[in-house]
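Participant: have a look at this fold, sequence not included:
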Ligand code: HEM
Ligand SMILES: [Cu+2]
C-alpha cells in the first residue's frame, strides 16, 4: 500500500506550535487577569495600604527593568529577522543580548526582593505586598522559563549544524513579547499608582 | 488504492495493524510505548484507566459518607476497626474525617474522574480519529497533560497522612478555613497541577481541530462530539487559568501568611500570623468564575457523545445539527457570566444577584434546544436499544431533571432557602452522575470496540445500565425532598437537630440504594476487563456509523488509518435516499459504480 497522506499542511496555514502558542497565550492572559482582578478588588478596600505600599517600592529600579525588558523584546525581534535572512552571527549576537537582558532583569528583581526582606517586608506585611510578590514572582518565573529555550537555541547555534529552526524561534518570540507585555502592565500598576 | 480498499479483508486488516505495532516496537522502548507514550490512543487509555480507578476510590468515599448519614455513630462495617483513631472513634466516623471525606469525594470525582474521562480520555481518543488524522498536533504536550493527573491525585491523597489530615473545606474550599493546614496546601498544589494539565490538553485539542482535519472536512462536517470537545477545550483554556491564579493566591495565604482572602481581626486557633485586610469573597468569585464553566467542561463533551450515539442508533440524522452547534457555543459563552448564582447568599447586592439570576435562566434556553433536538433525533427513528443507546436515553431523562432543579436554584429568592441543602446535592448528582456519567458510560460502550478491538458483552452492559438507572434514581431523587425539608449538606450528624430526626429512615433508604449503585459499577469494570481478553473480536464498523473513526482498522495501530481519508459529506447521513443502506459514511465517494462497491466492502469488512 502506498504511503498515506494523512499528515498534511496545517489547515489554518499556521504551524501547530505557533497556533498552540497563541492559544496558550490566551490562557496566560486569563491567568494574569485573575491577579489583576484580585489586585483591583483588594486595592479598593485598602486604598491607604496600597498607596503606602507603592511608595515603598523602588520605581527607578523598576523603570530600569522596563527598559531592559523592552530592549530584550527588540533584540528578540532582531534575532528572528536575522535568522530568517540567514545571518547566523547576527542571530547569535541578538540572542545573546536577549539572554543578557533577561539575566539583568532577574538580578535587579533579586536586589529588589532582598532589600524588601531586609526591611522586614514580606507577603504577610500587607495585602499590597502579597499582590506585589505574587504578581512579580509569577512574572519572574515566566522570564526564567523563557531563558531556558533562549539559552538552548543559542548554544545549539554554536554546534556544527547550527540552529536553523526559524519557526521555533518565532514561537519563542511570541512568548517573549507576551512576557514583556505583562511587565508593561505590572510596572505602572504596582509602582506608579500611589 | 481504491482496489486495495475494496479487497481489504479481515485478515489483511489485522496483519496491517500488527505490522504497525511491530514496527513501532522496533523504534521505541517499552517505556516509551506504554508509559511515556505520545500516541493519542495510548494516552486516552491511560486517562481512562486512571479515571476508572479513581471512580472506585471516590465511590468508596461516598459510601462512607452515606454510612454516617444513615447510621451516625455506628462503626463502619469491615474497615472501621482498621482506621486510625485520628479518623474514627470506636470505628465510627469523626466529624473532621467526615468533612475530609466529603471534600475528597467531590475533588476526586470532579478533577480526577469526570474531567479526565470527558476532556482527557474521550478528547484524546476521538478527536484525531474523528477528524481523520494520525495524532494530536502536539503529542509531547499531550503526554505531559496526562502525567500531571496521577501526580496531582497522589498529592491530594497524601493529605490523609499529614498533620491535621487532608483538605476538609468541601471541594469549593472557601477561605478562611482553607487558609490553614498542610492538607489544604496539598489540595491547592494538586488543583494547580490538574489545572495545568487541563490547559495543556485544551490547547492541544483546539490546535488539532483547527489544523489537522482530513482533506475536505469543513468545521461544519465535524461530528458533534468533536464540536463539543472543541468548545470544551476553549473553556479549559480560558477558564482554568483563573482557578490557577486563585489557587496561587490561596497558596500564598497558606504558606507565606499573607491575607489576600483573610479579613481583619480573624482569630485562628493556631495563632494569627496574618495582617488581615483581605477579601474572603474574592476567592468565591474567582473560584466560581472557573468552576461554573467547569461544570460545562464536564457536561458539554458528553452532550456531543450522546448526540452521536443517539443519531447512530436511531439511524437518523441529528435533528438541527447547526442549532446543536450554536447551542453548545451559547452554553459555553453564557457559562462565563453566570458564576454568581453560586453566591446568592454571599451578601451580594440584590441588583447583581438579579443579573446573575437572569443570565442563569437564559442558559436554560440553549440547554432545552439540545434536549428537544435529541428527542427530535430519536423521534420515529429506527431505534436499536444497545447499551450505549440505553445510557444515552437515560442521560436525556436524568439531565432534564437536573436542569429543571437548576432553574429552581437559579432563582435567587428560592435559592436562598435551598442553597447548602441536599437539594443542591440532588441537582449536582442529577447533572453529573445522571448526566455526565451516564453519557460517559454511553461513550465507553460505544467506542470500546475501537479502543480495544473487542466487543463488550451486551447482556452484562444492559444489566449494568438497568441496575445503575434504577438505583441511581432511588438513591438521588429523595435528596430533593431532604433538601426542601431543610437537611443541610456537609453535615456530620443531622440528627442533632430535632426537625431532621424524621429524615433518618429516608437517609437509610438512600444509603441502601447508594450501596447497590456502587456495587452495580463492578459490572462495568468486569465487562471492560473480561472482554479485553475474552470479548469477540470487533469488526471495523460495528455500529454501521458514519463518522471517520470507523474507517480506521478495528484496532488501530500507530498512525490510526490504513487508507487515505477524504471527507465528502457531513457526519449524519443516516437513512439517506442517496444510499441503499441506512447509512452513508463521511469517507465514501459520492455514488458511482465503484464507490457503491467500496461502500459495500467497507460495510461488511470484518
Ligand atoms: C439549566 C442548567 C443549569 C442551571 C440553571 C444550574 C443552576 C445552578 C445553580 C443556581 C447552582 C447553585 C446552587 C446553590 O449553591 O445554591 C448550581 C449548582 C451546581 N451545579 Fe448547576 N445548573 C445547571 C446545570 C448544571 C450542569 C449541566 C452541571 C454539571 C454537569 C451543574 C453542576 C452544578 C454543581 C456541581 C453545582 C454545585 C456546586 C457546589 O458544590 O456548590 N449544573 N447549579
Ligand atoms: Cu453554576
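Facilitator: Everything's here; your move. The model shown is predicted, which means the values in this text are computed figures rather than measured ones. Ligands and ions are numbered 1, 2, ... in the order given.
Participant: output the below-cut-off pLDDT ranges for the chain.
Facilitator: Assuming you mean chain A. A:1-3 (pLDDT under 70).
Participant: nope, chain B
Facilitator: Checking chain B against pLDDT under 70 turns up B:1-28, B:30, B:269-273, B:591-606.
Participant: in chain A, what residue is nearest chain B?
Facilitator: Nearest to chain B, among the residues of chain A, is residue A:34, at 2.8 Å (CB to the nearest CB). Heads up, the C-betas are built off the backbone N, CA and C, glycines and all.
Participant: count the residues that sit near the closest residue to that residue other than its chain neighbours.
Facilitator: Of all residues not flanking residue A:34 in the chain, residue B:245 sits nearest, at 2.8 Å (CB to CB, 6 or more residues apart in numbering or on different chains). Other residues lying near residue B:245 total 27 when counted by other CB atoms under 10 Å in any protein chain shown.
Participant: centre of the chain versus stretch B:285-304, how much separation?
Facilitator: 10 Å (CA atoms, centre = their mean, to the nearest Å).
Participant: just the helices in chain A please.
Facilitator: A:16-45, A:47-56, A:59-84, A:88-118, A:127-157, A:166-187 (DSSP state H).
Participant: same thing with the stretch 151-300 of chain B?
Facilitator: B:182-211, B:224-255, B:280-314 (DSSP state H, counting those that start in this stretch).
Participant: got the phi/psi numbers for residue B:454?
Facilitator: When read as degrees, to the nearest 10, the backbone of residue B:454 gives phi -130, psi 160.
Participant: now for the residue nearest to it when sequence neighbours are not counted: which residues touch it?
Facilitator: Spatial nearest neighbour of residue B:454, excluding adjacent residues (CB to CB, 6+ apart): residue B:535 at 3.3 Å. By CB atoms under 8 Å, 6 or more residues apart in numbering or on different chains, the residues touching residue B:535 are B:452, B:454, B:455, B:456, B:457.
Participant: likewise for residue B:421?
Facilitator: Taking CB under 8 Å, 6+ apart, one finds B:482, B:483, B:484, B:486, B:487, B:488, B:489 in contact with residue B:421.
Participant: need the three-state assignment for the fourth one.
Facilitator: Spelled out, it's residue B:486. Assigned with DSSP: H, G, I helix; E, B strand; the rest coil, residue B:486 falls in the coil class.
Participant: quick check: chain neighbours aside, which residue is closest to the closest residue to ligand 1 within chain B?
Facilitator: With CB to the nearest ligand atom, the shortest gap between chain B and ligand 1 falls at residue B:406, namely 2.5 Å. In space, and not counting its chain neighbours, residue B:406 is closest to residue B:427: 6.0 Å by CB to CB, 6+ apart.
Participant: would you confirm that that neighbour contacts residue B:407?
Facilitator: No - judged on CB atoms under 8 Å, residue B:427 makes no contact with residue B:407 at a distance of 10.0 Å.
Participant: between the two, which one's more packed in?
Facilitator: Using other CB under 10 Å as the criterion, residue B:427 and residue B:407 rank with residue B:427 on top: 24 against 15.
Participant: tell me where chain B has strands.
Facilitator: For chain B, the strands defined by DSSP state E cover B:88-89, B:92-93.
Participant: deepest-packed of the ones you listed, please.
Facilitator: Among the strands of chain B, strand B:92-93 has the highest mean neighbour count (mean count of other CB atoms under 10 Å in any protein chain shown), at a mean of 22.
Participant: note down every partner strand of it and its orientation.
Facilitator: Under the criterion DSSP bridges, strand B:92-93 sits next to strand B:88-89 (antiparallel) in its sheet.
Participant: and the partner strand, how far out from the chain middle?
Facilitator: Going by CA atoms, centre = their mean, where strand B:88-89 is centred and where its chain is centred differ by 34 Å.
Participant: ligand 1 contacts on the stretch 251-400 of chain B?
Facilitator: B:295, B:298, B:299, B:341, B:342, B:360, B:363, B:364, B:367 (CB under 6 Å from any ligand atom).
Participant: ok, so of the residues you listed, who is nearest residue B:494?
Facilitator: residue B:342 (22.7 Å; CB to CB).
Participant: so which bits of the stretch 251-400 of chain B are right by chain A?
Facilitator: B:252-253, B:256-260, B:273-275, B:277-279, B:282, B:285-286 (CB under 8 Å from any CB of the partner chain).
Participant: list the contacts of the closest residue to ligand 1 within chain A.
Facilitator: Across chain A, no residue is closer to ligand 1 than residue A:34, which sits at 19.8 Å (CB to the nearest ligand atom). By CB under 8 Å, 6+ apart, the residues touching residue A:34 are B:241, B:242, B:244, B:245, B:246, B:249, B:286.
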